[in-house]
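A.B. asks: Here is the input, now give the coordinates:
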Amino acid sequence: QVQLVESGGGLVQAGGSLRLSCAASGPTFRNYAVGWFRQAPGEQRDFVAAISRNGDTIYADSVKGRFTISRDNAKTTVYLQMVSLKPEDTALYYCAASGYYYGRNNDAYNYWGQGTQVTVSS
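C.D. replies: Below you'll find the model as predicted:
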């Protein structure tokens, strides 16, 4: 069982930066892949980025070059550094973990946090 808690969201102007954190419980966290997803009001939940247990990373095309996912297994935390933020990045951001899957499919992740709101003003 893994419990995830997101933090770091907030209100920022376009062009600004935020760093989201996903703090996980459990000593086996290093064995899990972690993904970040986001959901805007009235929209489906979309893939943003993911990091494998080995540190491999993948990104949605819309954030490539602007967002960076990383992990610190000693702190059992995954980060999402976001720069050059745009109003279209406004959404509720979730992290999710899986012991068996690494990829873009949100249905394949077993554990989810409650989300942290990111709002980018123009």
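A.B. asks: For the residue minimising distance to the centre of the chain, which non-adjacent residue is spatially closest?
C.D. replies: Of all residues in the chain, the one closest to the mean position by Cα atoms, centre = their mean is Trp36, 2.5 Å from it. Among residues not flanking Trp36 along the chain, Val48 sits closest, at 4.3 Å (Cβ to Cβ, 6 or more residues apart in numbering). In short, each C-beta sits where N, CA and C put it, glycine included.
A.B. asks: picking that back up, for the residue nearest to the centre of the chain, name its beta-bridge partners.
C.D. replies: Trp36 has these beta-bridge partners by DSSP bridges: Ala49, Cys95.
A.B. asks: doesn't Tyr94 make contact with it?
C.D. replies: Yes - the criterion here is Cβ atoms under 8 Å, and Trp36 meets it with Tyr94 at 7.1 Å.
A.B. asks: Gln3: neighbour count?
C.D. replies: Neighbour count of Gln3, defined by other Cβ atoms under 10 Å: 12.
A.B. asks: Please give me every residue in contact with it.
C.D. replies: Ala24, Ser25, Gly26, Tyr111 (Cβ atoms under 8 Å, 6 or more residues apart in numbering).
A.B. asks: can you redo the residues you listed as JSON lines with secondary structure?
C.D. replies: Output for these, formatted as JSON lines (DSSP: H, G, I helix; E, B strand; the rest coil):
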{"residue": "Ala24", "secondary structure": "strand"}
{"residue": "Ser25", "secondary structure": "coil"}
{"residue": "Gly26", "secondary structure": "coil"}
{"residue": "Tyr111", "secondary structure": "strand"}
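A.B. asks: From the residues you listed, list just the buried residues.
C.D. replies: When these are checked for burial by 16 or more other Cβ atoms under 10 Å, the buried set is Ala24, Tyr111.
A.B. asks: which among the contacts of Gln3 gets closest to Arg71?
C.D. replies: Ala24 (9.5 Å; Cβ to Cβ).
A.B. asks: Count the neighbours of the residue lying closest to Tyr59 once chain neighbours are set aside for me.
C.D. replies: In space, Tyr59 comes closest to Ala49 once its chain neighbours are excluded; the distance is 4.8 Å by Cβ to Cβ, 6+ apart. Using other Cβ under 10 Å, Ala49 has 25 other residues around it.
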